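S.K.: the sequence isn't on hand, but the structure is:
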Ligand code: ADP
Ligand code: ZN
């Protein structure tokens, strides 16, 4: 017998090995193995088992890793699809379906020493600079192998021991099963009595779950689910319409059928409260099961344990961010993708998969029902309902019968006239905030740009402070007194005068407004108010996010200022006012989804207002107040926006009317990158030119023309069908001869156009 193995080293192909008699019966599809490769021994995964091979003189597998095959044949099939569709090497696709902590486990992973952060209460002692740097890494990761830490921090174990002496970390040589939420007391909850719109949606989902079971019974045992039966639902429900309750009861039905479920939520919404709602429902009673949690903030050990709970069938419900779509739930009955429009479902490094789309494919492969939920569905999913590919379930009303907040658009062009410069707050918004303070109600202010001001300019000579590594201007951070690049992290001191030697003008200007400036202005405007800012600069410590939200919930904060971090899924009954400082910021991005993003963001942010007894009010400040994305959002008119946006996309043959692929070339020598891009264009014309409906755009400099010292050029492909394009691209890539210092990245169905 021979085994076909994908090796972990990047070779873009598979190799055959002989299964020695002593390993007979222990090697199957999905088994992790160690095999000889040249003079080395490398790890790999068995992707097929066969009687014989076309290759002579096969080498034997050295050993089998782990008792149980880690990758189930079904997940393996999914990984194969990812490799083919997203145009990446099989080993890259395979890597993403197993958490690293599981993959590396038996190859000495357990034996190594681990450093773990100790939960500290109170202040952290003042540390010397070196220790402080090391501590920051440990605090961020919570647990990591000592060896990895030493390499990351370029330090010695003595420094780490100092931290151990101070009681901040423990160094241990084993991991034990830990539950990341073990300290929380969870009270069981009972299903709620559904209102008619929820009941209707649930009935349709239950019918699909039943149909899957009936069809499976009619199939030959072991035969795969029929291709093309797509039971996919788009649950379009406004914020507060009770979607989560529908998910919970659909999961209960799935468990009653003897199957399990996966719930995907965006990383940022994966709060302890969210997890608790799921754990609480299934923590007792006849449907009792563990709920496993998978996301990137777990330590390696925690991730390892959560994964094995699923593989062993002890946890039949998984809730997690993007990569949880690969959880080995078996048999799988239901996949839920909450906030399906979120672009964080797209992985921005290879394999560049979109978890929502993978969910739909996995559902089809395994005969599982898929529910995509959102208050602001993506145009892609909405269009799939129109074409009859998905079924639309609508929940237009809030559970508590509350009205949607009243949205007022403020034309900021009016406020500029006669004044000096651009104000942050219109008089209307200022007054509304004043009222809320008097009535002891809360306000959320939203601006999707951090820092104090977005650029530093000299009005005399025109100098603008730019990043030496990237084609962006530096943002001024006033509290830390520095200029920072938001692309690469480069920092520079703030000059007191224009740094151009021939100029030296002392009156340099800060232009553009960020959250830090909003906060500062608020403090001056309302000196007695309790104001907090929430963005990635303000969150210095791990639990800051939770703490600030906790303070806001219990009324210790009057006005919360923040970036998109505060736009999602949070509900606070006492928030009656939401202010959007510049609604048109995202509209001017060079991205065909700019209007869609703006519409979604405005709707999501507006949904934060008025969830208690008092009706909410939203002020949208804009310089293009009549833009359709803003006007439709004001009227809560999804249908209207989607119709007109679809028309625009259709005219220009943009997704969802086509599928796109973005090809980015990067390198430090601009001329080489540009020449390579021209060469790539010619090769694309040659290899794909006969595909009908193909639109080839570029090459041109990317919107972010330079990042981290690399010049970037792009080409975009659009075609009706992507699978043929992917196949041909993969073949083309293997024959391309690019200069050594120019690399090509292929992004199928790109979400980020920069
Ligand atoms: P969504 O996920 O659509 O934003 P949620 O599921 O969070 O909405 O529901 C909003 C609130 O309404 C929650 O506090 C939830 O417990 C409550 N709720 C949901 N369904 C019902 C119901 N049928 N009866 C009473 N309360 C409900
Ligand atoms: Zn930079």
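M.R.: Cool, the structure landed. Every value quoted in this text rests on a predicted model; they were computed, and no experiment measured them. Residues are numbered from 1 along each chain as shown. Ligands and ions are numbered 1, 2, ... in the order given.
S.K.: any weak-confidence spans in the stretch 151-300 of the chain?
M.R.: Along the stretch 151-300 of the chain, the model assigns pLDDT under 70 to residues 173-185, 221-229.
S.K.: what does this structure put close to ligand 2?
M.R.: Neighbours of ligand 2 within the chain, by Cβ under 5 Å from the ion: 467, 469-470, 485, 487-488, 490. (C-beta placed from N, C-alpha, C; glycine too.)
S.K.: can you rerun that using 8 Å?
M.R.: 467-470, 472, 474, 485-490, 707-708 (Cβ under 8 Å from the ion).
S.K.: JSON lines for the residues you listed, including neighbour count, secondary structure and distance to residue 564?
M.R.: Putting those into JSON lines (neighbours: other Cβ atoms under 10 Å; DSSP: H, G, I helix; E, B strand; the rest coil; distance: Cβ to Cβ, whole Å) gives the following:
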{"residue": "467", "neighbour count": "24", "secondary structure": "coil", "distance to residue 564": "22"}
{"residue": "468", "neighbour count": "11", "secondary structure": "coil", "distance to residue 564": "28"}
{"residue": "469", "neighbour count": "16", "secondary structure": "coil", "distance to residue 564": "25"}
{"residue": "470", "neighbour count": "22", "secondary structure": "coil", "distance to residue 564": "21"}
{"residue": "472", "neighbour count": "19", "secondary structure": "coil", "distance to residue 564": "19"}
{"residue": "474", "neighbour count": "24", "secondary structure": "coil", "distance to residue 564": "21"}
{"residue": "485", "neighbour count": "21", "secondary structure": "coil", "distance to residue 564": "20"}
{"residue": "486", "neighbour count": "18", "secondary structure": "coil", "distance to residue 564": "14"}
{"residue": "487", "neighbour count": "16", "secondary structure": "coil", "distance to residue 564": "17"}
{"residue": "488", "neighbour count": "17", "secondary structure": "coil", "distance to residue 564": "21"}
{"residue": "489", "neighbour count": "11", "secondary structure": "coil", "distance to residue 564": "19"}
{"residue": "490", "neighbour count": "17", "secondary structure": "coil", "distance to residue 564": "23"}
{"residue": "707", "neighbour count": "19", "secondary structure": "strand", "distance to residue 564": "21"}
{"residue": "708", "neighbour count": "16", "secondary structure": "coil", "distance to residue 564": "23"}
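S.K.: need those residues in a markdown table with distance to residue 93 and pLDDT, can you?
M.R.: A markdown table is the format used below for those (distance: Cβ to Cβ, whole Å; pLDDT from 0 to 100):
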| residue | distance to residue 93 | pLDDT |
| --- | --- | --- |
| 467 | 34 | 94 |
| 468 | 36 | 94 |
| 469 | 31 | 94 |
| 470 | 30 | 94 |
| 472 | 33 | 92 |
| 474 | 38 | 94 |
| 485 | 33 | 94 |
| 486 | 31 | 91 |
| 487 | 28 | 91 |
| 488 | 29 | 90 |
| 489 | 30 | 91 |
| 490 | 34 | 94 |
| 707 | 26 | 95 |
| 708 | 26 | 93 |
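S.K.: make TSV out of those and add distance to ligand 1.
M.R.: TSV is the format used below for the residues of the chain next to ligand 2 (distance: Cβ to the nearest ligand atom, whole Å):
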residue	distance to ligand 1
467	40
468	45
469	41
470	38
472	36
474	39
485	37
486	31
487	34
488	37
489	35
490	40
707	36
708	38
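S.K.: between these, which is nearest residue 163?
M.R.: Within the residues of the chain next to ligand 2, the smallest distance to residue 163 is 24.2 Å, found for residue 489 (Cβ to Cβ).
S.K.: count of neighbours near the residue in the stretch 651-754 of the chain that ligand 1 sits nearest to?
M.R.: Relative to ligand 1, the nearest point of the stretch 651-754 of the chain is residue 751 (23.2 Å; Cβ to the nearest ligand atom). Residue 751: 19 surrounding residues under other Cβ atoms under 10 Å.
S.K.: and if you look at residue 523?
M.R.: Using other Cβ under 10 Å: residue 523 sits among 12 other residues.
S.K.: my guess is it meets residue 530, correct?
M.R.: No - counting by Cβ atoms under 8 Å, residue 523 stays clear of residue 530, with 10.2 Å between them.
S.K.: helix, strand, or coil at residue 660?
M.R.: strand (DSSP: H, G, I helix; E, B strand; the rest coil).
S.K.: in a markdown table: the residues of the chain next to ligand 2, plus distance to residue 99.
M.R.: Converted to a markdown table, the residues of the chain next to ligand 2 look like this (distance: Cβ to Cβ, whole Å):
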| residue | distance to residue 99 |
| --- | --- |
| 467 | 34 |
| 468 | 37 |
| 469 | 32 |
| 470 | 32 |
| 472 | 34 |
| 474 | 37 |
| 485 | 32 |
| 486 | 29 |
| 487 | 28 |
| 488 | 28 |
| 489 | 27 |
| 490 | 32 |
| 707 | 28 |
| 708 | 27 |
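S.K.: which parts of the host helix or strand of residue 246 are buried?
M.R.: Following DSSP states H and E, one finds residue 246 within helix 243-256. Neighbour counts using 16 or more other Cβ atoms under 10 Å place 243-255 of helix 243-256 among the buried residues.
S.K.: what's it packed up against?
M.R.: Counting contacts by 3 or more Cβ pairs under 8 Å, 6 or more residues apart in numbering; DSSP states H and E, helix 243-256 is packed against helix 196-218, strand 232-237, strand 260-264, helix 272-281, strand 315-320, strand 332-338, strand 369-374.
S.K.: mind redoing it with 7 Å?
M.R.: helix 196-218, strand 232-237, strand 260-264, strand 332-338 (3 or more Cβ pairs under 7 Å, 6 or more residues apart in numbering; DSSP states H and E).
S.K.: so what's residue 20 up against?
M.R.: Residues near residue 20 by Cβ atoms under 7 Å, 6 or more residues apart in numbering: 60-61.
S.K.: spatially nearest residue to the residue of the chain positioned farthest from its centre, not counting backbone neighbours?
M.R.: Taking Cα atoms, centre = their mean as the measure, the residue most remote from the mean C-alpha position of the chain is residue 502, 46.5 Å away. Closest residue to residue 502 in three dimensions, ignoring its sequence neighbours and counting by Cβ to Cβ, 6 or more residues apart in numbering: residue 461, at 7.5 Å.
S.K.: can you check residue 460 too?
M.R.: residue 505 (4.2 Å).
S.K.: per-residue confidence at the one you found?
M.R.: According to the prediction, residue 505 has pLDDT 92.
S.K.: how deep is it tucked in, by neighbour count?
M.R.: For residue 505, the neighbour count with other Cβ under 10 Å is 15.
S.K.: now swap in residue 405 and tell me
M.R.: 21.
S.K.: that one and ligand 2, how far apart?
M.R.: 39 Å (Cβ to the ion, to the nearest Å).
S.K.: re the thing from before, could you pull up the residues touching the residue of the stretch 651-754 of the chain closest to ligand 1?
M.R.: Here residue 751 is in contact with 343, 346 (Cβ under 7 Å, 6+ apart).
S.K.: what do you get if the cut-off is 10 Å, keeping everything else the same?
M.R.: Listed by Cβ atoms under 10 Å, 6 or more residues apart in numbering, the contact set of residue 751 reads 342-348, 352, 354, 378, 591, 593, 660, 662.
S.K.: just the residues you listed: which has the poorest pLDDT?
M.R.: residue 591 (89).
S.K.: quick one: secondary structure of it?
M.R.: Per three-state DSSP, residue 591 ends up coil.
S.K.: looks like it contacts residue 704 (just checking).
M.R.: No - contact between residue 591 and residue 704 fails when scored by Cβ atoms under 10 Å: they sit 11.4 Å apart.
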